[in-house]
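S.K.: need a structure here:
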Amino acid sequence: MGSTDGGSFRRMLRKLTSDVDVLDADDLTEDAERSGAQRASDCACGQEVTVLGRLRSVEFCPEDDSTAQLVAELYDGSEGVTLVWMGRRRIPGIEPGRTMRVRGRISVRDGRKVLYNPYYEICQAQ
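M.R.: Residues are numbered from 1 along each chain as shown. As a prediction, this is how the structure comes out:
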C-alpha cells in the first residue's frame, strides 16, 4: 500500500511542477503506445509506419497549380513528422490541434521525417 501511495503522490507532484509542454508530450506518447502506433523517433527511412499524434501546423504551399501541396506537422510526443499531400489544396478536418493516426512509408527530406500522401484517420481527442 505504501508504494502505491508514494507512486500516486510522485505523479501528482510531477504534474504540478512540470512544464505543460512536457506533460502534453508525455500524454501524446502514452496515447500512441496504447493504440499500438510507433514512436516517430523510432521510425527509420523506408520503413512502413503507423504514427498517432496531434497536428501542430497545417499550411498550403501553392507554388503553382501543378505543384500544390498541403503540408502538416504531426507531433507524437517524441518527434515531429511532416505530412505532405501532393496536389491537394485542402482536406476537410485537417487542421491544427486535431489528433490523427497516419500510415505510410517514411522518407527523409532535409533531415526531417516525411510521409507523402499518407493514409489518415482523424481520431477523437483522448
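
S.K.: Off-centre distance for stretch 68-81?
M.R.: Here the centre of stretch 68-81 is set off from its chain's centre by 6 Å, with Cα atoms, centre = their mean, to the nearest Å.

S.K.: same check, this time on stretch 36-55
M.R.: With Cα atoms, centre = their mean, you get 8 Å for stretch 36-55.

S.K.: so where do the helices sit in this structure?
M.R.: According to DSSP state H, the chain carries its helices in the segments 2-17, 20-35.

S.K.: Can you flag the weakest of these by average pLDDT?
M.R.: Comparing mean pLDDT across the helices of the chain, the lowest value falls on helix 2-17: a mean of 61.

S.K.: check contacts around Ile94.
M.R.: 55, 58, 70, 72, 100, 120, 122 (Cβ atoms under 8 Å, 6 or more residues apart in numbering). Glycine gets a C-beta too; all of them are placed from N, C-alpha and C.

S.K.: So the fifth one versus Trp85, what's the distance?
M.R.: If you measure Met100 against Trp85 using Cβ to Cβ, to the nearest Å, the figure is 12 Å.

S.K.: hey, where'd the strands end up in this protein?
M.R.: 48-61, 69-75, 80-86, 99-109, 112-116, 119-123 (DSSP state E).

S.K.: So which of those is nearest Gly7?
M.R.: Gly7 sits nearest to strand 48-61 of all the strands of the chain, at 26.1 Å, using Cβ to Cβ.

S.K.: quick check: angle from that closest one to strand 80-86?
M.R.: 70 degrees (axes from the mean of the first three to the mean of the last three Cα atoms, to 10 degrees).
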